[in-house]
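build the 3D model from these lines:
(chains A and B)
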2 protein chains.
Amino acid sequence: MKHALPVTREQDFAAWYQAVISEADLAEESGVRGCMVIRPWGYGIWERIQKLMDARIKDAGVDNCYFPLFIPLSFFEKEADHVDGFAKEMAVVTHHRLKGIDGKLVPDPDSKLEEPLVVRPTSETVIGQAMSRWVQSWRDLPLLVNQWANVVRWEMRTRMFLRTSEFLWQEGHTAHADEADARRETMRALEMYRDFAESELAMPVVTGEKPENERFPGAVATFSIEAMMQDGKALQAGTSHYLGTGFADAAGIKYQDKEGGQQLCHTTSWGTSTRMIGGVIMVHGDDDGLRCPPQIAPHQVVIVPMLRDAPEDDAIIAYCEELAAAVKALDAFREPVRVLFDKRPGKAANKRWAWVKKGAPIIVEVGGRDVAGGNVSVLRRDRLYNEGGKLASAILPKGDFIAAAAATLTEIQASLFAEAKARLDANIRRDVSDIGALAAAFEGKNPGWVEVEWARPTGAALDKVIEWLKEHKLTLRNAPLDAAPASGVCIFTGGQAVERVIVGRSY
Amino acid sequence: MKHALPVTREQDFAAWYQAVISEADLAEESGVRGCMVIRPWGYGIWERIQKLMDARIKDAGVDNCYFPLFIPLSFFEKEADHVDGFAKEMAVVTHHRLKGIDGKLVPDPDSKLEEPLVVRPTSETVIGQAMSRWVQSWRDLPLLVNQWANVVRWEMRTRMFLRTSEFLWQEGHTAHADEADARRETMRALEMYRDFAESELAMPVVTGEKPENERFPGAVATFSIEAMMQDGKALQAGTSHYLGTGFADAAGIKYQDKEGGQQLCHTTSWGTSTRMIGGVIMVHGDDDGLRCPPQIAPHQVVIVPMLRDAPEDDAIIAYCEELAAAVKALDAFREPVRVLFDKRPGKAANKRWAWVKKGAPIIVEVGGRDVAGGNVSVLRRDRLYNEGGKLASAILPKGDFIAAAAATLTEIQASLFAEAKARLDANIRRDVSDIGALAAAFEGKNPGWVEVEWARPTGAALDKVIEWLKEHKLTLRNAPLDAAPASGVCIFTGGQAVERVIVGRSY
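This next block holds a predicted model:
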């Protein structure tokens, strides 16, 4: 069986990942360090993610706003407890004019800013300041805002979608009257992310609380959704933080309660980003490219005509147009089916493979013989080959295909999820109880994760655990919310275990 | 008649504009120079604009992509014909790390970039470079891409929505095989903008070609839509440029034609921005705040319950919920009607005025007496007062209101357009043929525009015209596409006129 990509997952997973991005026209290097160009198919997936996530955010009563790209440097001084220990990778704007001087273009020295501006790495500080203006009374609470924006974190080693200096994301920020309400919102956002990942991305995840060392700086508690890639590594695909009153205190987010007293708000923040696209690739991709879950596929059904520069071409085109119109009139997932009739110039076989690599869920080919017989030739991207290793094209009466198209899309979405879920479940071991066995569990290829019992140590005891994990290139992912209770001994400290935590390699 | 804003248009138009932005919760100063915070109602309008414009862009076969925020400084050297004369206001990133040094947070000197990065003021150069990779053959043409993004142009004097250092926009960029196709695209985008402004924003515009001095640098031809604000000034609300082959030459956008020869592409670009929201305010606002055209109103119908902390409140709330559900089930402009049942704590009268200021198209109030009578009290934002100067609330049977609600929204959209169109038409003079009269025409308050015949001079002759206009605080807007042919003498040069051009004050 010959595959469409120059490299298979088995041969070199990292090279395969790059090949999918390139061959599926998802993104490419931009020539600007650490920044990528997101191409139409990749951006189309992001637009679907935005649309579906935004609907969930709005349904929760959260309002979208837009905050400045630039944050004055002094805002970070508040954040830095000890300025002298502070060092953060961020893009810093220091001048506001370019000028030609002595035949060279340079930042005009006369345009130096009095206070440098930082390109936002996240908007906590600037949104906190706005919240301090917007919240006056208990009547203003909860205050729920979200922003879709680009952010910049200067990264030394970048990987497309997973770690880029500039990336696109949404960041939710909320303020509440008390801890209970803020914690409720933290868990609501986490559950929104879990359901989004599983329903829309067909990507099963483990939801849980991050250990202390993995918390967002300043957070009281950080929760995450963790997905398992096909190489067994974990990808943190979304986080939700309960921030306590610390951020409200720094920004002055206070309210007058019903009795007239002044109270600090309890705040939360939660975010997901274009990183999710990297997860979709590594969860659903195969050796022929991406397999795009129908819910986020920019086109769900692609129709490819097999033209021969012959008089019968007109009949094929008319037949395809009628087919496209009929499928567009269908609803799948409560939206009209997204159909593309690909009539660009080019050979049908090349176009078919281009759509296989991009991962269009259903590819329909139509030739003269199909028109004559009233048929279509249908390829499902989730079952590309039959048992003999041949392309599993099915010739169906056109009417039968149309009648089943919406259900087929639902089926593909479900089958991608089921496949990934079975892999996740099969690759979490829960039978490891001593540290030597834990190290050994990660010796093979694509080792997956191990869920162990631990005492949730803090401070120096935790540092020792992290050190051991680092030596073994391992990390703590999260303590799953639905894990069984701990009853034994901590694998790291030998003390009484209090919960279960997932250990794994990660992106 | 007492109005909801602290200042009227008549008293001080500029102060009134700021008051609308503040009182309608559209946006506010962010504390970051030249950057604003766009609040939920303002951002909701932008989301509506994005949704409706994006549908038109996609319908034209244009693909959305995303390009980097940062552009290497060297890209601008190519653009600068004579580097020594070049000076441009742009935000320049020079460092990639903040560090605490001697108790102060500063850009870490060790993190100085080898090549400074410019925060994109527009993406021509970086998109041109991508196009040069994507276009190989005539089969790849036309290449049609669009980007929704934030851009930064360092502005010394800013005004919210109209001129801010950071703003949000869409920029379309296209490459074509020949001039005819590129010019067709330029005019398609222009016509898309005209129809969008008039249909969605209810904002009548004049479409035409900009004179040479107002062209986008490097463009062969620039076209614009110009809207008239209530103070008679013009607002350029969208532009479309035919760029010839100059940009393709600089970026190397070439294709192999059918005969195997190498050809330069002809390119275009076109853009609109959050500036349009400023236009909507100044075209439709009145002394009570914004009047939001239903097509772009985040909520089209707002239901305000008149609660009294009394047992009958439950019945009012149930009645409002039923009403909201019934109106939500309606379609207006082929979308479900957007309804908000505003049940936040607070007095009904305060809420009513908050929605009047925000410009919700229909405000429905429901009190105990309405419930008992099966009625609703309806306020149309486009006809707020009756002839006696009282609030023109109409008490209607609930069923009658629901039956007419979608049609009422259509009517409001049409009435806002008709009012603005009548004002535009009444305030363009075409009877001025000597330069003294032209100057005199702008002496009164809110003078509107004058369409004059001119010879379309170039070079030094044009400079002289511009100088005279500058002295009189006037500008050339555009030469309307649908103007009558010129038959007389150029008002500026005395030569043979070749077209008509609009003169006016502008934002």
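
quick one: low-confidence ranges for the stretch 51-200 of chain A?
Counting by pLDDT under 70, the stretch 51-200 of chain A contains low-confidence ranges at A:79-85.

my error: substitute the stretch 251-400 of chain A in the last question.
Under the criterion of pLDDT under 70, none of the stretch 251-400 of chain A is flagged as low confidence.

try 90 this time
Counting by pLDDT under 90, the stretch 251-400 of chain A has low-confidence residues at A:309-310, A:312, A:344-346.

buried residues in the longest helix seen in chain A?
For chain A, the helix with the greatest residue count under DSSP state H is helix A:398-426. Within helix A:398-426, the residues that qualify as buried are A:398, A:401-402, A:405-406, A:408-409, A:411-413, A:415-417, A:419-421, A:423-424, counting by 16 or more other C-beta atoms under 10 Å in any protein chain shown. The way it works is simple: take the backbone N, C-alpha and C, and place the C-beta from them, glycine included.

what residues are up against whichever residue of the stretch 151-300 of chain A sits closest to chain B?
The shortest separation between the stretch 151-300 of chain A and chain B is 4.2 Å, found at residue A:154 (distances taken as C-beta to the nearest C-beta). Taking C-beta atoms under 8 Å, 6 or more residues apart in numbering or on different chains as the definition of contact, the neighbours of residue A:154 are A:34, A:89-91, A:165, B:96-97.

just the buried residues of the residues you listed.
Of all those considered here, the ones buried according to neighbour count by 16+ other C-beta under 10 Å are A:34, A:89-91, A:165, B:96-97.

show me what the longest helix of chain A is packed against.
In this structure, helix A:398-426 packs against strand A:221-228, helix A:275-284, helix A:313-328, strand A:331-332, strand A:362-366, strand A:375-380, with contacts taken as 3 or more C-beta pairs under 8 Å, 6 or more residues apart in numbering or on different chains; DSSP states H and E.

who wins for proximity to residue B:251 among the ones you listed?
Among these, helix A:275-284 comes nearest to residue B:251, with 27.4 Å by C-beta to C-beta.

so residue A:189 sits in a helix?
Yes. In this structure, residue A:189 lies within a helix as judged by DSSP: H, G, I helix; E, B strand; the rest coil.

what's the burial count for it?
27 (other C-beta atoms under 10 Å in any protein chain shown).

which non-adjacent residue is nearest it?
Distance criterion C-beta to C-beta, 6 or more residues apart in numbering or on different chains; nearest residue to residue A:189, sequence neighbours excluded, is residue A:270 at 3.8 Å.

pull the residues that contact the helix or strand hosting that neighbour.
The secondary structure element spanning residue A:270 is strand A:266-273 (assigned by DSSP states H and E). Around strand A:266-273, the neighbours that count as contacts under C-beta under 8 Å, 6+ apart are A:53, A:122, A:124, A:128, A:131, A:167-179, A:181-182, A:185-186, A:189-190, A:193, A:196, A:216, A:237-245, A:247-248, A:253.

give me that answer again for 6 Å
Applying C-beta atoms under 6 Å, 6 or more residues apart in numbering or on different chains, the set of residues contacting strand A:266-273 from outside is A:167, A:169, A:171-176, A:179, A:182, A:185-186, A:189, A:238, A:240-243, A:245, A:247-248.

end-to-end on stretch A:366-384?
With C-alpha to C-alpha, to the nearest Å as the measure, stretch A:366-384 spans 17 Å from end to end.

got JSON lines for the helices and strands packed on helix A:398-426, with mean neighbour count too?
Putting these into JSON lines (neighbours: other C-beta atoms under 10 Å in any protein chain shown) gives the following:
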{"stretch": "strand A:221-228", "mean neighbour count": "25"}
{"stretch": "helix A:275-284", "mean neighbour count": "25"}
{"stretch": "helix A:313-328", "mean neighbour count": "16"}
{"stretch": "strand A:331-332", "mean neighbour count": "16"}
{"stretch": "strand A:362-366", "mean neighbour count": "25"}
{"stretch": "strand A:375-380", "mean neighbour count": "20"}
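
looking at these, which is closest to residue B:367?
Nearest to residue B:367 among the helices and strands packed on helix A:398-426 is strand A:331-332; the distance by C-beta to C-beta comes to 40.7 Å.

now do the helices in the stretch 401-507 of chain A.
The residue ranges that make up the helices of the stretch 401-507 of chain A, judged by DSSP state H, counting those that start in this stretch, are A:435-441, A:459-471.

tell me which of these lies nearest to residue B:348.
Between residue B:348 and these, the shortest separation by C-beta to C-beta is 55.1 Å, and it involves helix A:459-471.

which of the residues in the closest one are buried?
Applying 16+ other C-beta under 10 Å to helix A:459-471 flags A:462, A:465-466, A:469 as buried.

nearest to chain B, of these?
Looking at those and their distance to chain B, the nearest is residue A:466, at 24.3 Å (C-beta to the nearest C-beta).

contacts only, for residue A:394.
Contacts for residue A:394 (C-beta under 6 Å, 6+ apart) come out as residue A:378.

list phi and psi for it.
Backbone geometry at residue A:394, expressed as degrees, to the nearest 10, gives phi -110, psi 130.

do you know how far it is from chain B?
Using C-beta to the nearest C-beta, to the nearest Å, residue A:394 is found at 30 Å from chain B.

Provide the partner residues of that residue in its beta bridges.
Beta-bridge pairing of residue A:394, defined through DSSP bridges, involves residue A:378.

and what of residue A:137?
Beta-bridge partners recorded for residue A:137 (DSSP bridges): residue A:256.

surely it and residue A:258 touch.
No. With contact defined as C-beta atoms under 6 Å, residue A:137 does not count as touching residue A:258 (8.9 Å).

so which of those two has more stuff around it?
Remark: of residue A:137 and residue A:258, residue A:137 carries more neighbours, 12 against 9, as counted by other C-beta under 10 Å.

about what we covered before: just the buried residues of helix A:459-471 now: which is nearest residue A:372?
residue A:469 (64.5 Å).

any idea how far the residue lying closest to that closest one once chain neighbours are set aside is from residue B:269?
In this structure, residue A:469 finds its nearest non-sequential neighbour in residue A:475, 6.1 Å apart by C-beta to C-beta, 6+ apart. With distances defined as C-beta to C-beta, to the nearest Å, the gap from residue A:475 to residue B:269 amounts to 46 Å.

on that earlier part again, which pLDDT value goes with the residue nearest to residue A:469?
Note on residue A:475: pLDDT of 97.

next, count neighbours for it.
Number of residues near residue A:475 (other C-beta under 10 Å) recorded here: 19.

before we move on, what about residue A:309?
By other C-beta under 10 Å, the burial measure for residue A:309, its neighbour count, is 5.

can you tell me the SS state at it?
Counting by three-state DSSP, the backbone at residue A:309 sits in coil.

check residue A:169 too.
Looking at residue A:169 with three-state DSSP, the answer is strand.

residues contacting it?
A:271, A:273.

related to what we said a few turns ago, which ones among the contacts of residue A:154 map onto helices?
No part of those ends up in helices, with DSSP H as the criterion.
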